[in-house]
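Visitor: Need a 3D model of the following:
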Amino acid sequence: MNLRASAIFLSARPHGETAVIGRFLTEHYGMVAGYIAGGRGRQLRPVVIPGNLVEVELRSKSDSQLPFARLELLQSRGPWLTEPLPAAAINYAAALTATVLPERNPYPALYEAMSGLLDAICNAPSARGWLGAMVVYETLLLRDLGYGGGAAPVFADFDDAFAAFDRLFKPIEKHLLVGTYGDVMSARNLLRARLARIAGHTDT
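Guide: Model (predicted):
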């Protein structure tokens, strides 16, 4: 693999003393992984953050080899990771995507939806402005991975979107995360608990 593309940084898994294995969502190549030397060093720590938009260059000698990745930061989501609700949303969306998408299968509609979701989270005044985009993204994931999902939903208000977010719990658990529940659904439950405070729910 030899490519250079804009990508959404999804996750970083420690490897060795200072490196990480990064996962990226690109528009035309789908999700790709790469070895990032020094990924835990001072220079790259602000770059390998979920939700960041990066320019990634991946190079490998064969398709079976994990490519080496070089990164350039294009847009940081770091400032929003200091806010509990935006941080929960960004971390959940990135973790879900990194976990469920197969590598090197292009999903241009998902890339566009993920980009729009991140922009909404970072620019809307509150979750009332982006929860609908989160539900749309989950719906598209289910659809594009072959588990229905239907057309992108439209919501009357925040409560309507919150109810739809709750309804998607079972399909995501059953179809997308079967056998890998763990951290991703924990991240979703944390997001749900924080959203519930806006919705006025007391059951979380």
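Visitor: got a list of contacts for stretch 24-36?
Guide: Defining contact as Cβ atoms under 8 Å, 6 or more residues apart in numbering, one finds that stretch 24-36 is touched by 1, 3, 5-10, 12, 15, 19-23, 44, 48, 54, 56, 58, 66-69, 71, 97-98, 101-108, 110-112, 114. Every residue, glycine included, has its C-beta placed from N, CA and C.
Visitor: Report the contact partners of G22.
Guide: So G22 contacts 9-13, 33-36, 39, 48, 69, 71 (Cβ under 8 Å, 6+ apart).
Visitor: buried ones in the strand or helix carrying A161?
Guide: Using DSSP states H and E, A161 maps to helix 158-167. Residues of helix 158-167 classed as buried under the neighbour-count rule (16 or more other Cβ atoms under 10 Å) are F158, A161, F162, A164, F165.
Visitor: next one: stretch 118-126
Guide: L118, A120, I121, C122.
Visitor: State the mean pLDDT of that stretch.
Guide: Mean pLDDT, computed over stretch 118-126, is 95.
Visitor: next one: stretch 50-62
Guide: 94.
Visitor: what's next to it, contact-wise?
Guide: With Cβ under 8 Å, 6+ apart, stretch 50-62 has contacts from 1-11, 24, 26, 32, 34, 47, 66-78, 80-81, 90-91, 93-95, 115, 118.
Visitor: Please identify the buried residues of that stretch?
Guide: P50, G51, N52, L53, V54, V56, E57, L58, S60.
Visitor: among those residues, which are in strands?
Guide: If you go by DSSP state E, those have L53, V54, V56, E57, L58 in strands.
Visitor: T139: which of those residues is nearest?
Guide: L53 (23.0 Å; Cβ to Cβ).
Visitor: May I have the beta-bridge partners of the closest one?
Guide: On the basis of DSSP bridges, L53 is bridged to I8, Q75.
Visitor: A33 now?
Guide: R23.
Visitor: Tell me which stretches of this structure form strands.
Guide: With DSSP E as the criterion, the chain has strands spanning 2-15, 19-26, 30-36, 53-59, 68-75.
Visitor: Mind giving me the ChimeraX command for buried ones among the contacts of G22?
Guide: Buried residues within the contacts of G22, by 16+ other Cβ under 10 Å, are selected in ChimeraX with:
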select :9,10,11,12,33,34,35,36,39,48,69,71
